[in-house]
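> Give me a 3D structure for the following:
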Amino acid sequence: MQLEHTYKQYDAELESVRAKVLQMGGLVEQQIVNALEALVTTNVKLAEEVIANDHRVNALEVSIDEDCSHIIARRQPAAGDLRMIMMVVKTITDLERIGDEAAKVARVALKINESDRMYSLRFTEIKAMTAIALEMLRMSLDAFARLDVSKTVEVARQDEVVDANFRAVMRQLITFMLEDPRTISMSLEILFVAKAIERVGDHAKNIAEYVVYMVKGKDVRHTTVQEMEREALQ
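Numbers count the residues shown, from 1 in each chain. Below is the predicted model of the structure:
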């Protein structure tokens, strides 16, 4: 009976950690949504809220990291459970960095005022990039929650789309700066935002790769999409 109780308690600890990761994922997703809204609408209050809430993301990372350390010390997990803990530790690092990117976008939003409407067209591309990056994050978190690799390859493919969009935005902004030096300052701010969103996509892809490692025991980092598909779906 004591052994059964110990196993149940261990399972509960693992499930608690998984739940906190998903809570953290939901928080950083909302941070990105709010940061983009603050940027597009020049909502100073919302931008300040995003920056202020970054400490909540950081606090969750620290809390989950401590939980994982305690589980390793007390339970000495092996095989699949150890891979789970390793995946969690890596995942929360990427989620924390997504939170940092949201804060960066919010800080740019604070610098943009209503008189800069001639740059609003650039937000069209930024919003499109963000929509894809957010969908990647949702798919990665869903794969994490279900331990399902079926959508991980799609995340990798979408990352290539985000990268292509970033390069397109960069080319357009360079053209603006060459044609009119007065646009340099604001164009650099928008480029900074585009790079932040591109990094969100990278972190979402990382999380998807960790799921493949957890489920398949295969490390698909630094591989092509085709190689990832072969390892994940075989």
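
> Not counting sequence-adjacent ones, nearest residue to Asn206?
Asp94 (4.9 Å; C-beta to C-beta, 6 or more residues apart in numbering). C-beta: built from backbone N, CA, C; applies to glycine.

> what does stretch 149-156 contact?
Stretch 149-156 is contacted by residues 136, 139-140, 142-143, 204-205, 208-209, 211-212, 215-216, 225, 228-229, 232-233 when judged by C-beta atoms under 8 Å, 6 or more residues apart in numbering.

> and if we set it to 7 Å?
136, 139-140, 142-143, 204-205, 208, 211-212, 215-216, 225, 228-229, 232-233 (C-beta atoms under 7 Å, 6 or more residues apart in numbering).

> do the same with stretch 31-50
53, 57, 98-99, 102-103, 105-106, 108-110, 112-114, 123, 127, 130, 134, 193, 200.

> Straight-line length of it, end to end?
End-to-end span of stretch 31-50 (C-alpha to C-alpha, to the nearest Å): 6 Å.

> mind listing what's buried in it?
For stretch 31-50, the neighbour count (16 or more other C-beta atoms under 10 Å) marks 31-32, 34-40, 42-43, 46-47, 50 as buried.

> Same check on stretch 49-56?
Buried residues in stretch 49-56 (16+ other C-beta under 10 Å): Val50, Ile51, Asn53, Asp54.

> Would you convert the residues you listed into CSV that also reports pLDDT and distance to Glu160?
Formatted as CSV, the buried residues of stretch 49-56 follow (pLDDT from 0 to 100; distance: C-beta to C-beta, whole Å):
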residue, pLDDT, distance to Glu160
Val50, 98, 28
Ile51, 97, 31
Asn53, 96, 31
Asp54, 97, 29
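
> Return the distance of the helix or strand harbouring Ala133 from the chain's centre.
Ala133 belongs to helix 122-146 when assigned by DSSP states H and E. The chain centre lies 8 Å from the centre of helix 122-146; the measure is C-alpha atoms, centre = their mean, to the nearest Å.

> which secondary structure elements does it contact?
helix 2-41, helix 152-179, helix 184-216 (3 or more C-beta pairs under 7 Å, 6 or more residues apart in numbering; DSSP states H and E).

> the inter-axis angle of that helix versus helix 2-41?
170 degrees (axes from the mean of the first three to the mean of the last three C-alpha atoms, to 10 degrees).

> hang on, the earlier thing: how about the contacts made by the residue nearest to Asn206?
His203, Asn206, Ile207.

> Neighbour-wise, which one of these leads?
Comparing the contacts of Asp94 by number of neighbours (other C-beta atoms under 10 Å), Ile207 comes first, having 27 neighbours.

> so that residue makes contact with Phe144?
Yes - contact criterion C-beta atoms under 7 Å: Ile207 and Phe144 qualify, at 6.4 Å.

> which residues do those two both contact?
The contact lists of Ile207 and Phe144 share Thr91, where a contact means C-beta under 7 Å, 6+ apart.

> Now do the one helix or strand Val62 maps to against helix 2-41, angle only.
If you go by DSSP H and E, Val62 is part of helix 44-75. Per the same axes, to 10 degrees, the angle that helix 44-75 makes with helix 2-41 is 160 degrees.
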